[in-house]
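Peer 1: Got a sequence here, can you model it:
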Amino acid sequence: MRRERCDLVLMSRGLTPSVHLFSQSGGTLRFDERLDAFVPGASVARERSAGGCRGIFELSAVINDGFAAGEEAAKAAGFVVVRAGSRPYPKGVDKAFSGVEPPREAFTLKSFVDFENDVTDKDIKLATREGFRSVEHVKRYTTVGMATDQGKTSNANALGITAAALDKSITQLGHTTFRMPYKPVTLGTLAGMSRASLFDPMRTTPMHEWAAARGAIFEDVGQWKRARYFPQSGEDMRTAVNRECRTVRSAVGIFDASTLGKIEVVGRHAAEFMNRLYANDFTKLETGQCRYGIVLREDGFLLDDGVVARIAAEQFHVTTTTGGAARVLGMMEDLVQTEWPELDVWLTSTTDQWAVIAVQGPEARTLLAPLTEGIDLSKTGMPHMSVREGRILGIPARLFRVSFTGELGYEVNVPADYGLAVWEAIHQAGAPYGIVPYGTETMHVLRAEKGYIIVGQETDGTVTPDDVGLSRTIGKSKSDFVGKRSLARPAMLDPDRRQLVGLLTEDPSMVLEEGAQIVPTAKYVIPTKSYGYITSAYFSANLNRSSALALVAAGRARIGQRLFVAMPDSSISVQIVHPVFIDPQEERLNG
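Peer 2: Numbering: from 1, shown residues only. Below you'll find the model as predicted:
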C-alpha cells in the first residue's frame, strides 16, 4: 500500500500562529463571524489543523480534536490506528474561551491603525473613497501592514475598517497574505549552529593534531588553522622563529603546506586555457616541468600566484595561495563557461585531496633520497622547478622540486589520508640531521629574506607584476591573456609607480612596523607626501639584523638612497636596498 506523507499541524491553544502556518502552506482562510477571527478553510498541502487554530478552545475539546486529527493523518499515511485506552480529558474540563464577541464600533475620530507606518483609519477610508476595493490595493495605497511587523498589530483592525467603509463583511472582503514569522525571532535562532567554534567553518590539515600535540601556536589563514611556530620550553615567538630559521638555512626543516589551493586542469585544450588565463607562457612548458605563474585581473593588477606543474600533455597541477583557491577556481569556471566555451577543459578542486609536506634546507635531498622510489633526486635528474611522480615510503606521490625559502627544497604531495604517516616518517628520518618543524612565521621570514612576495601582503589590489619585480614572468610573445591590454595603459608604465624594494634600518635591532608610511624627510608636517609603505618587516636570525620589504615610488631608481619611516613621535632613517637579502645568485636554490 502506498503511504502518503501527511504533515500534522497541532496547535492546542492560541489562534494566529497556526493560522499563519496554514496560510503559508497554501491554504485559504475563512472568516468566522462568531469568533471574529480567521480560521483554516480549504487545505492545499497534506496537513491537519487541530485545536485552537480552527476555533476550538475548550481544553478537553482541543485535546480530543488533536487525537482525531492524528488518527486521520495516520490512516492517510497507511497506518492501522489502535487506540490504547480512553482519551485522558473528558469534555468540559476547562473553558479557555468565553465566546463573547468583541464589540464593533464605528471610528469617528482620527485613530492610528498601523503604528509603524503611521497609517490612520482616515487613510484607509480615503483609499476606499479613491476607488480602491481590493484589500491588497488598500494595503499598498496606504502601506498598512507593510512595516517590519508585517501587519501583526494592524491587519485585523484594517480589515474591519475597510469592510465597514465598503459595507461588506470581512468574509466578503478577504485578507492579505499572512507573513512569517508570527513572533519575533532571536538572532541566536537565525544563527542556528553558527555560534562559538561553529561560527565560521574551521579547516585543518592531516598534520594538525601532530602539531597541536607538540605545542604549536596556531593562526587563522582564511578558514584554515595553520601552525605559526613551534616553541620549545621557555621560548617566546621570536626565539622560536630564530631557531627555526637558522635550522632551515643550515640543515633541514619540515613545513605543512597542505592549505595551498590545488586545481587539476585537464583536457585537450588545457595548455591553451592556461596560456589564455595566466600571464606566463604555458604552451612551451614541458611535461615534468614547473613554472611560477601569476594571474591578473582584467584591470592588469595581480590577483594570485602559485606554482603550476605540467603532469602530462593534457594535465596541469595548479597551486594557488591558501586564501585564493576559491577565487581562482571561480574565475576559471567563469571563463570556461562564458568566455571560452569552445575549449575542451575540465577543472577539479583537489585542495583537500593532497597533503603537502615541504622539506627545505641543504640536507633535504639527503633526507628524502632513501625514502623515495622511482625518482632520481640528483641535481641533474630533478633540477629546480621540476615535478616527478613516484612513491615515497611505498605511497604514490607527486614530488615538486620547488622552494619558498630560497634553499634546496622539495614539496611532497601524497593523498591526504597518508599525510600524517608520511610526515611522521620524514620527521623521524630527519632526526640525525637536526630537522625542525617550522610554521608560517618562519616561512614569512625566510621568504622575505629572498624577496619573495605574498599576494595580499606585498599586493593591495593596485599592484602590477612589474611593481613587484615579476615582469620577467610575462609571456612577451603571447598575443593575449587576461589583463594584457590593461598593462599597456600609460598609468601602468609610469616610472614613478610604487615598486618593491628592501629597507635596512641604521639600528640593526629595530624592526619596522608593517603598514608604516615612507616619507622623504625626517621632519615632516602632516599632511605630507607619502612615497609608499612597508609591506613586510621581520628580524632575521640569518642576517643578524632586521630587514623589511616596501612599495616605494620609483623604488628601483632609489636603491642606495635614504628615506624615512613616519612614526607617531619621530621618524626612522632607512636605506633603500635590493629586495633580495640572501643568496642573490641562487646558488643554494639550485644546489
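Peer 1: what's the distance between residue 129 and residue 138?
Peer 2: Note on residue 129: its distance to residue 138, by C-beta to C-beta, to the nearest Å, is 11 Å. From N, CA and C alone the C-beta is placed, and that goes for glycine too.
Peer 1: ok, those two, which is more surrounded?
Peer 2: residue 138 (27 against 8; other C-beta atoms under 10 Å).
Peer 1: Could I have the CA atoms of the helix or strand hosting the more buried one written out in PDB?
Peer 2: Per DSSP states H and E: residue 138 is located in helix 135-142. Listed next in PDB are the C-alpha coordinates belonging to helix 135-142 (Å, rounded to 0.1, in the frame of the first residue of the first chain):
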ATOM      1  CA  VAL A 135      -7.800  44.700   0.300                       C
ATOM      2  CA  GLU A 136      -4.400  44.200  -1.500                       C
ATOM      3  CA  HIS A 137      -4.800  47.500  -3.200                       C
ATOM      4  CA  VAL A 138      -5.800  49.300   0.000                       C
ATOM      5  CA  LYS A 139      -2.800  47.800   1.700                       C
ATOM      6  CA  ARG A 140      -0.400  49.100  -1.000                       C
ATOM      7  CA  TYR A 141      -2.100  52.500  -1.300                       C
ATOM      8  CA  THR A 142      -1.900  53.200   2.500                       C
END
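Peer 1: Quick one: mean pLDDT over it.
Peer 2: Here helix 135-142 scores 91 as its mean pLDDT.
Peer 1: Which other helices and strands does it contact?
Peer 2: helix 121-129, helix 155-165 (3 or more C-beta pairs under 8 Å, 6 or more residues apart in numbering; DSSP states H and E).
Peer 1: quick check: domain ranges of the chain?
Peer 2: By the assignment in automatic domain parsing, the chain contains the domains 1-102, 112-173, 215-258+354-446, 261-349, 494-591.
Peer 1: Redo these as CSV? Include distance to residue 483.
Peer 2: Below are the domains of the chain laid out as CSV (distance: least, C-beta to C-beta, whole Å):
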stretch, distance to residue 483
domain 1-102, 49
domain 112-173, 45
domain 215-258+354-446, 23
domain 261-349, 3
domain 494-591, 16
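Peer 1: Identify the element of secondary structure that the nearest residue to residue 558 once chain neighbours are set aside sits within.
Peer 2: Closest residue to residue 558 apart from its sequence neighbours, by C-beta to C-beta, 6 or more residues apart in numbering: residue 576 at 4.7 Å. According to DSSP H and E, residue 576 maps onto strand 571-577.
Peer 1: Residue 45 is nearest to which of the helices and strands packed on helix 135-142?
Peer 2: Closest approach to residue 45 among those is made by helix 155-165 (22.8 Å; C-beta to C-beta).
Peer 1: Just the helices from the stretch 401-550 of the chain, written as ranges.
Peer 2: For the stretch 401-550 of the chain, applying DSSP state H, counting those that start in this stretch gives helices covering 419-429, 440-449, 484-487.
Peer 1: Could you export those helices as CSV, including mean pLDDT, distance to residue 539 and mean neighbour count?
Peer 2: Listed next are the helices of the stretch 401-550 of the chain as CSV, based on pLDDT from 0 to 100; distance: least, C-beta to C-beta, whole Å; neighbours: other C-beta atoms under 10 Å:
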stretch, mean pLDDT, distance to residue 539, mean neighbour count
helix 419-429, 98, 27, 18
helix 440-449, 98, 8, 24
helix 484-487, 96, 36, 16
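Peer 1: Turn these into CSV, columns for distance to residue 196.
Peer 2: Formatted as CSV, the helices of the stretch 401-550 of the chain follow (distance: least, C-beta to C-beta, whole Å):
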stretch, distance to residue 196
helix 419-429, 27
helix 440-449, 25
helix 484-487, 44
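Peer 1: closest one to residue 266 among the ones you listed?
Peer 2: helix 419-429 (23.2 Å).
Peer 1: contact partners of that closest one?
Peer 2: Residues from elsewhere that reach helix 419-429, judged by C-beta atoms under 8 Å, 6 or more residues apart in numbering: 205-207, 209-210, 254, 256, 258, 355, 357, 359, 367-368, 370-371, 392-393, 395, 397, 412, 414, 435, 437.
Peer 1: Next: stretch 277-285.
Peer 2: Counting by C-beta under 8 Å, 6+ apart, 271-272, 274-275, 291-296, 308, 310, 316, 331-332, 335, 465, 473-475, 477-478, 481-484 sit against stretch 277-285.
Peer 1: buried stuff in it?
Peer 2: By neighbour count on 16 or more other C-beta atoms under 10 Å, the buried set for stretch 277-285 is 277-282, 285.
Peer 1: Any idea how far that stretch is from the middle of the chain?
Peer 2: Remark: stretch 277-285 is offset 28 Å from the chain centroid, using C-alpha atoms, centre = their mean, to the nearest Å.
Peer 1: how about the CA coordinates for it, as CSV?
Peer 2: Extracted C-alpha coordinates of stretch 277-285, given in CSV (Å, rounded to 0.1, in the frame of the first residue of the first chain):
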residue,chain,number,x,y,z
LEU,A,277,44.5,32.8,-18.3
TYR,A,278,48.0,33.2,-16.9
ALA,A,279,50.4,36.0,-17.9
ASN,A,280,53.1,33.3,-18.3
ASP,A,281,53.6,31.3,-21.4
PHE,A,282,52.4,27.7,-20.8
THR,A,283,52.3,26.3,-24.3
LYS,A,284,56.1,25.7,-24.1
LEU,A,285,56.2,24.2,-20.7
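Peer 1: Looking at that stretch now, give me its mean pLDDT.
Peer 2: Here stretch 277-285 scores 94 as its mean pLDDT.
Peer 1: Report all helices and strands that the top strand by length along the chain contacts.
Peer 2: Ranked by residue count under DSSP state E, the longest strand found in the chain is strand 302-312. If you count contacts as 3+ C-beta pairs under 8 Å, 6+ apart, strand 302-312 packs onto strand 290-296, strand 315-320, helix 325-334, strand 386-392, strand 395-401.
Peer 1: Now do that strand against strand 315-320: the angle between them, please.
Peer 2: Counting by axes from the mean of the first three to the mean of the last three C-alpha atoms, to 10 degrees, strand 302-312 points 150 degrees away from the direction of strand 315-320.
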